[in-house]
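> have a look; sequence and predicted model below, questions after that.
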Amino acid sequence: MPKLGRLLHLRMQPDEVPERVVLTGDPGRVDRIAGLLDEPRVLAHNREFRSVKGEYEGVEILICSTGIGGPSTAIAVNELLEAGAELLIRVGTTGALQRGIEIGSLVVPHGSLRMDGASEFYAPAEYPAVPDPRLALALSREARLKGLTVYEGIIATLDAFYVDEEWLIEQAGELNLLSVEMECSTIFVLSRLLGARSAAVLVVDGNIAEGTGKAEVRPSASELPEESQDALMRAAEVALRVLSSE
């Protein structure tokens, strides 16, 4: 990607991007997560990309939204890494695919089944989508220290939100998949290719295997059930703590 005076889509100056970044899909979550930072300030907001920078325990950290799915996530990750970001942690939501995984619990992926299109543009299907193991381990440890329920294993990243749920549950059973979401494989693959480290901590916002997908549990005023909203902030605290200590 050519070097630019200002990041083309994120609309920040490259020297405004710190080494440590929290990624979240929804731009509406950026300010809420940034409320955990000291002296947060908005850097830019363009399309689905909103960015706020501040400090956590004395370490400079950027909160940046990616939008939904691989293509917009790839844009954000490419531009952030081009500007010098080195550590990326996705804080987002995921739909559980195994019975017994509670809404509001956390999933820390060890890898993602690449059922997206964006990552395949950058690397062949055989290339693994895996997080940095040290970051993933640190996220799990920190979450458990806070008394949170954490599941670890393989997830799936899909481009499509609306899919045949029976097919999805069948895939999960055959491949022992914990949950499904739309961004992790793109983040993991691009980070590996470009020499950065990444991981994710995901909040369960519905259990598809139990018939409580996001559409069924959504309250009228919010996309997420109340327990997932609270868990998202706890997950953000976990991510910030890990980033500040790396």
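Now that the structure is in, tell me what you want to look at.
> helix or strand: which one has residue 61?
strand 59-65 (DSSP states H and E).
> what packs against that strand?
The contact analysis (3 or more CB pairs under 8 Å, 6 or more residues apart in numbering; DSSP states H and E) places strand 59-65 against strand 20-24, helix 27-34, strand 49-56, helix 70-82, helix 226-245. Where C-beta positions appear, they are placed from N, C-alpha and C, glycine not excepted.
> which ones are touching the closest residue to residue 37 other than its chain neighbours?
Closest residue in space to residue 37, ignoring its immediate chain neighbours: residue 54 at 3.0 Å, by CB to CB, 6 or more residues apart in numbering. Residues in contact with residue 54 (CB atoms under 8 Å, 6 or more residues apart in numbering) are 34, 37-41, 60-61, 63.
> adding distance to residue 50, write the residues you listed out as JSON lines.
Shown next, in JSON lines, are these (distance: CB to CB, whole Å):
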{"residue": "34", "distance to residue 50": "9"}
{"residue": "37", "distance to residue 50": "14"}
{"residue": "38", "distance to residue 50": "19"}
{"residue": "39", "distance to residue 50": "17"}
{"residue": "40", "distance to residue 50": "12"}
{"residue": "41", "distance to residue 50": "12"}
{"residue": "60", "distance to residue 50": "18"}
{"residue": "61", "distance to residue 50": "15"}
{"residue": "63", "distance to residue 50": "8"}
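> most neighbours among those, which one?
The residue in these with the most neighbours, by other CB atoms under 10 Å, is residue 63 (29 neighbours).
> my guess is that one contacts residue 28, does it?
No: using CB atoms under 8 Å as the test, residue 63 is too far from residue 28 to be in contact (11.9 Å).
> returning to that earlier point: what are the bridge partners for the residue nearest to residue 37, then?
residue 61 (DSSP bridges).
> next up, the contacts around the residue most central in space within the chain.
For the chain, the residue nearest the mean C-alpha position is residue 90 (2.6 Å; CA atoms, centre = their mean). Each residue near residue 90 by CB under 8 Å, 6+ apart is listed here: 22-24, 66, 183-184, 187, 198-202.
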